[in-house]
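**Q** need coordinates for the below:
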Amino acid sequence: MVDRYGADVLSGDWRKPARGRSVELAAEPGTVVEDVETGWVGAVVRVEKAGGMHVVHLEDRRGRLKAFRLGPGFLVDGSPVTLVAPKVAAQARLDAARAATARTASGSRAVAGQRAKVASGSRIFVEGKHDAELVEKVWGDDLRVEGVVVEMLDGVDDLAGAIRDFDPGPGRRMGVLVDHLVPGSKETRVVEAARGLRPWAPHVLVVGHPYVDVWQSVKPARLGMDAWPVIPRGTSWKHGIAAHLGWPHATQADMAQAWRRILASVGSWTDLEPELLGRVEELIDFVTAPSS
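**A** Residues are numbered from 1 along each chain as shown. As a prediction, the model looks like this:
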C-alpha cells in the first residue's frame, strides 16, 4: 500500500550532523587535526594541564604553535572528532622519549630538572631592551644553565667607559653585541678603539651584526615579507617598518606593540638570520670558556 504522506521525517537519527557524529580520538603526537572555529591545522605536539584544564598544542606547517582546549571541535579528514588525552602509560613513555631529545629555542639539548646556576662573573652586554628580550627568548635557557647574565648598554658611544666600569679580567669576561657593525660606520670606529683597551683587551670580545636594528635579524618571511624594506633617510627606521607593515606607529605605545608582534613571530633559532645567530653563539662560547 502506498503511503501518500511519505516517510516520517522524525524517524531514524534525524539529529545526526551532516559531517557525522563526533568520535573520540587520542591526541597522540603527530596526529594532524583542524580546529573548527579558527581553521587552524596542525600536528599534535603535546597535551598538558594548564589552568585546571587539558590543552593540546598544535604545530602548523610553518612551525608555529597554538594551544586549544582538549575536547570537541576538531576535524580529521573532514570528520568531527573529540580529542582526549592519551593513556597515562603511553604519555609517560612519550614524555621520557621527548625529554631525551628535547631542544631549547636555540637548538641546544634541554637540561631537565637542573636549577639555574648562580650568576657567574662574566656578562654579555647588548645595546638595548629589544636585543635583550630577543636573546632571552632564544638563548635564555642556555644562559641560565651557564649562569650568564645579559645586561643592557645605553648605546655604544661610550663603550670604552663601559669596559672600564665593568673591569673584566680572568674569570670575569665581557662579551658585547653591537648593532649595525659594518665597515665605515660610527659603530665600527667605536668598537675598534674599545678592542685595544689595556689591560682589559684579552678578556673582552666585541662582535656585531650588520642590521640597522635587531628587529631586522628576524627573518622577514615570519612577518609575511619577502625582505625588509629600505626606509628613506630622514624617517625613523622603526616607524618606517611599522608603517610598511600597516601597523599603528603614532605613539611610543604603538611602537612597543610593533616590537611585541615581531618578537611573538620568533619561536626558535630557525626564525633568526645566521648573522645574528653566529655572533650570539660566539659570545656565549667566549664568556663560558674555562679561564686559562
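**Q** the longest helix seen in the chain: which residues count as buried?
**A** Using DSSP state H, we find that the single longest helix of the chain is helix 129-146. By neighbour count with 16 or more other CB atoms under 10 Å, helix 129-146 contains the buried residues 130-146. In short, each C-beta sits where N, CA and C put it, glycine included.
**Q** also stretch 261-269?
**A** Buried residues in stretch 261-269, defined by neighbour count with 16+ other CB under 10 Å: 262-263, 266-267, 269.
**Q** gap between it and the chain center?
**A** Between the centre of stretch 261-269 and the centre of its chain there are 4 Å (CA atoms, centre = their mean, to the nearest Å).
**Q** got the contact list for that stretch?
**A** Identification of contacts with stretch 261-269 by CB atoms under 8 Å, 6 or more residues apart in numbering yields 63-65, 103, 105-107, 130, 133-134, 137-138, 215, 218, 222-223, 247, 271-272, 277.
**Q** narrow the residues you listed to those in helices?
**A** 130, 133-134, 137-138, 277.
**Q** and of the residues you listed, the nearest to residue 182?
**A** Residue 182 has its nearest neighbour among the ones in helices among the contacts of stretch 261-269 in residue 277, at 17.6 Å by CB to CB.
**Q** grab the nearest non-local neighbour of the closest one.
**A** Spatial nearest neighbour of residue 277, chain neighbours left out: residue 269 (5.8 Å); criterion: CB to CB, 6 or more residues apart in numbering.
**Q** got phi/psi on that neighbour?
**A** Torsion angles at residue 269 (phi, psi; degrees, to the nearest 10) stand at phi -60, psi -20.
**Q** confidence score at it?
**A** Looking at residue 269, its pLDDT reads 90.
**Q** next one: residue 100
**A** Looking at residue 100, its pLDDT stands at 54.
**Q** same question for residue 50.
**A** With respect to pLDDT, residue 50 scores 70.
**Q** same question for the one 10 residues further on.
**A** Per-residue confidence at residue 60 stands at 88 (pLDDT).
**Q** against residue 182, how distant is it?
**A** For residue 60, the distance to residue 182 equals 36 Å [CB to CB, to the nearest Å].
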